[in-house]
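Asks: model this:
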Amino acid sequence: MGRFDNYNVDLKGLKAGSLNLNFDLDNAFFANIDGEEFQKGAVKAVVTVSKNRDVYDISFTLNGTVVVPCDRCLDDLEIEVAAENALKVRLGENYTEDGDIVVVPEQDGGINIAWYLYEFIALALPMKRVHAPGKCNHEMTGKLKKHSYGSFDEDEEAVVGEREIDPRWEGLKNIQIEEDI
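Replies: Numbering: from 1, shown residues only. Model (predicted):
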């Protein structure tokens, strides 16, 4: 039995109606999937599979938290995750991802959704991942201040210092552009 066999969804065996699946994604799941974004967390996933003609609609509802490194101080940062995603799957000859439809081999008759769960969680994370003001590791932010160009405010982003403008470019400040009305 493989690490992710619990996440196999048998599409061929799906009867009329829909199938509801519940998963508790824990530290072991994230460590086993070996993703680069994060490797710790506790997320509840509710997956609903329904068949519409020859297309299977799979909806994902994800709620919980994951632990990622802070972009500023690199200490662990717990981020809440709440996401709803959908995936359309069709049975075919070979595995392909055709736009927003995933085609899985009919001989397999199913799909493993473990990686999709991980990816949907990763997509729900904010681009900027930093602690609340004043919560970053003070030793690390001190080193960041020391090696940053310009000023650095722990509560804000690094602020680029004022640079002296090359005199050859100084004349460009005086150019005014006239707009045609």
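Asks: Where do the strands of the protein begin and end?
Replies: Assigned by DSSP state E, the chain shows strands spanning 8-10, 18-25, 40-52, 55-69, 76-92, 96-98, 101-105, 110-112, 151-152, 158-159.
Asks: how about these in a markdown table, adding mean neighbour count?
Replies: Every C-beta, even on glycine, is put in place using the N, C-alpha and C of the backbone. Formatted as a markdown table, these follow (neighbours: other C-beta atoms under 10 Å):
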| stretch | mean neighbour count |
| --- | --- |
| strand 8-10 | 15 |
| strand 18-25 | 14 |
| strand 40-52 | 17 |
| strand 55-69 | 17 |
| strand 76-92 | 15 |
| strand 96-98 | 10 |
| strand 101-105 | 17 |
| strand 110-112 | 19 |
| strand 151-152 | 15 |
| strand 158-159 | 13 |
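Asks: Quick one: closest of the ones you listed to residue 170.
Replies: The minimum distance between residue 170 and the strands of the chain falls on strand 158-159, with 23.1 Å, by C-beta to C-beta.
Asks: pLDDT of the closest one, averaged?
Replies: Computed over strand 158-159, the mean pLDDT rounds to 47.
Asks: Could you do stretch 58-73 as well?
Replies: Computed over stretch 58-73, the average pLDDT equals 94.
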